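[1] pasting the sequence and the predicted coordinates here, then a few questions.
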Amino acid sequence: GAVVSQHPSWVICKSGTSVKIECRSLDFQATTMFWYRQFPKQSLMLMATSNEGSKATYEQGVEKDKFLINHASLTLSTLTVTSAHPEDSSFYICSATPVSGGAGMVETQYFGPGTRLLVL
Amino acid sequence: GENVEQHPSTLSVQEGDSAVIKCTYSDSASNYFPWYKQELGKRPQLIIDIRSNVGEKKDQRIAVTLNKTAKHFSLHITETQPEDSAVYFCAARFTGGGNKLTFGTGTQLKVEL
C-alpha cells in the first residue's frame, strides 16, 4: 500500500515552454502533497506544500508564478513549470501523506518515482 | 525554521560490518524522524521512522535511536550487505511547520565486498 505515481518520468522541452507534472496517490487519499526539487548529489529541497482545495504554500525563494501547483482532489496534485529555462532542469519529486486513519502514520511521506526535467 | 545536519557525507564499510549515520536537529519541538534510502535515480524509500516519545526502534538489521535532550538521532545498520549501498537521508518534522519535513544533506554509503 501507500503507492505514489508521477507522470511523466522524464521530459525534455525547449526553453520558454511550460511543463506539467502529475502526482497521484494510487491506493490512498492524501490530504497533503509536497513538491521537492533535487539537484545531482544534493538533498531534497522542499518547493511547496499542496493541500487539497486550497492554495499551495511555497517555500522562501520559490516563485509561485513560475511553479504553479494545483491540488484538485485527494489523489492528484500537479506542478506546472512555466516558461522553463535550462536552470530549471532538475529531478522533481512529489510526496503524499495519508489522511488520518489511513495507511501508515499521518506524518509519513510516501514519495513518487520522480520526474527528470531537461530544458534545452 | 528547522535545520538538520547529517554526518558523515560518505561512509565506506566492509560487508558484514555495521554502519552508523548521525543527524542533529535544531528545533526541540520536532516530533517525528524518518530515514529514507535513495538509490541512484530512484525515489526515496522510507526504511524506518521514530516518534519523539520513543527512544529506540528496531526493524531487523536497521535501528534508529533518538536522544531528545541532545537533539540527535542515529541510524544503525548491522551486518551490511552490498545492496545497502545507497544515499541515506535523515529528516525531521517540526511541529510549527505542518507536516513538512526538513532533510539532512545525505550520506553516501558504500558497502564493499
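    Good, I have the coordinates. Numbers count the residues shown, from 1 in each chain, chains lettered A, B, ... in the order given.
[2] how about the residues of chain B near chain A?
    With Cβ under 8 Å from any Cβ of the partner chain as the criterion, chain B meets chain A at residues B:32, B:34, B:36, B:41-46, B:49, B:51, B:89, B:93, B:98-106. Backbone N, C-alpha and C define where each C-beta goes, glycine included.
[3] go again with 10 Å.
    B:1, B:4, B:6, B:9, B:31-34, B:36, B:38, B:40-46, B:49, B:51, B:87, B:89, B:91, B:93, B:97-106, B:108 (Cβ under 10 Å from any Cβ of the partner chain).
[4] does the one helix or strand A:R24 maps to come close to chain B?
    Using DSSP states H and E, A:R24 falls within strand A:19-25. No - using Cβ under 10 Å from any Cβ, strand A:19-25 stays clear of chain B, coming no nearer than 11.5 Å.
[5] tell me the strands beside that strand, with direction?
    strand A:4-7 (antiparallel), strand A:76-81 (antiparallel) (DSSP bridges).
[6] and the last one, what's buried?
    Within strand A:76-81, the residues scored as buried using 16 or more other Cβ atoms under 10 Å in any protein chain shown are A:76-79, A:81.
[7] again, but for stretch B:26-36
    Those buried within stretch B:26-36 under the rule 16+ other Cβ under 10 Å are B:27, B:30-36.
[8] OK, contacts around B:Y32?
    B:Y32 sits next to A:105-109, B:49-52, B:91-95, B:99, B:101 when contact means Cβ atoms under 10 Å, 6 or more residues apart in numbering or on different chains.
[9] quick one: it from B:E5, how far?
    Distance, B:Y32 to B:E5, using Cβ to Cβ, to the nearest Å: 17 Å.
[10] repeat that for A:V62.
    Counting by Cβ to Cβ, the gap from A:V62 to B:E5 is 23 Å.
[11] the more surrounded of these two?
    Higher neighbour count among A:V62 and B:E5: A:V62, with 17 against 13, using other Cβ atoms under 10 Å in any protein chain shown.
[12] I'd say the more buried one and A:V81 touch.
    No - taking contacts as Cβ atoms under 10 Å, A:V62 lies outside contact range of A:V81: 11.4 Å.
[13] among the contacts of B:Y32, who's most crowded?
    For those, the largest number of neighbours (other Cβ under 10 Å) sits with A:Q109, at 29 neighbours.
[14] how much space separates that residue from A:S89?
    24 Å.
[15] re the thing from before, what's the next secondary structure element after the strand holding A:R24?
    Downstream of strand A:19-25, the next assigned helix or strand under DSSP H and E is strand A:30-38.
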